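**Student:** what's the 3D shape of this:
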Amino acid sequence: MNIINLTPSSKMISGKVTDKLGEPYGHITDLLVDPANGKIAMAVLSYGGVLGMGNTSRLIPWEALQMNPNTFDFQISIDKKILEDAPAADASDVTDYKKLTDIFQYYGVPAYWEKNLNFDTTDAVYKEAKVNDHQQYEGSSQISDPRRTPESNNRFVEDVDTDKLEGRPSSQS
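**Tutor:** Now for the predicted structure:
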């Protein structure tokens, strides 16, 4: 059975943006869609200010954000200082090819309009999961894949003497 999960843009607009540790960065105020392909190209991130006054906005490439499909909040993997030093641009700059290219390069994300880019992965489990191509599945294969065991998924078992931790005679010598 195929699952289709469409999300209204109104739920994504106003989504909180945090870093991986949950440090708040701001919120999404707009989404920019490329009419040529119908895909979201960029998000407008607003931060700072008080009660809507003095906010600063930055254009963020959509690929630089990870959305939680349950809360519609976003995570970005860059330091706050890097975000604050990002090239200033707003929604009126979306027709300026040079500015858009600079923004994508600044965040280290390939510009979506560039052709012949190959970003294929070598992870077989991820490739298999891509058949579902659903954002909720990303990363979950390592948690729910029945073929993965603690021994094959991490080095904890090899590196730590669990017997010693549990007070039994050590099995590692």
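**Student:** give me the buried positions along stretch 92-108.
**Tutor:** Within stretch 92-108, the residues that count as buried by 16 or more other CB atoms under 10 Å are 99, 100, 103, 104, 106, 107. No exception for glycine: its C-beta is placed from N, CA and C like everyone else's.
**Student:** tell me the mean pLDDT over it?
**Tutor:** Mean pLDDT, stretch 92-108: 85.
**Student:** so what secondary structure elements neighbour the longest strand along the chain?
**Tutor:** Across the chain, the longest stretch assigned as strand under DSSP state E is strand 24-34. When contacts are defined as 3 or more CB pairs under 8 Å, 6 or more residues apart in numbering; DSSP states H and E, strand 24-34 packs onto helix 9-12, strand 16-18, strand 39-47.
**Student:** compute the inter-axis angle for that strand and strand 39-47.
**Tutor:** When axes from the mean of the first three to the mean of the last three CA atoms, to 10 degrees is applied, the directions of strand 24-34 and strand 39-47 differ by 150 degrees.
**Student:** contact partners of strand 24-34?
**Tutor:** When contacts are defined by CB atoms under 8 Å, 6 or more residues apart in numbering, strand 24-34 is touched by residues 9, 12-19, 39-48, 57, 59, 62, 74, 76, 80, 83, 91, 94, 112-113.
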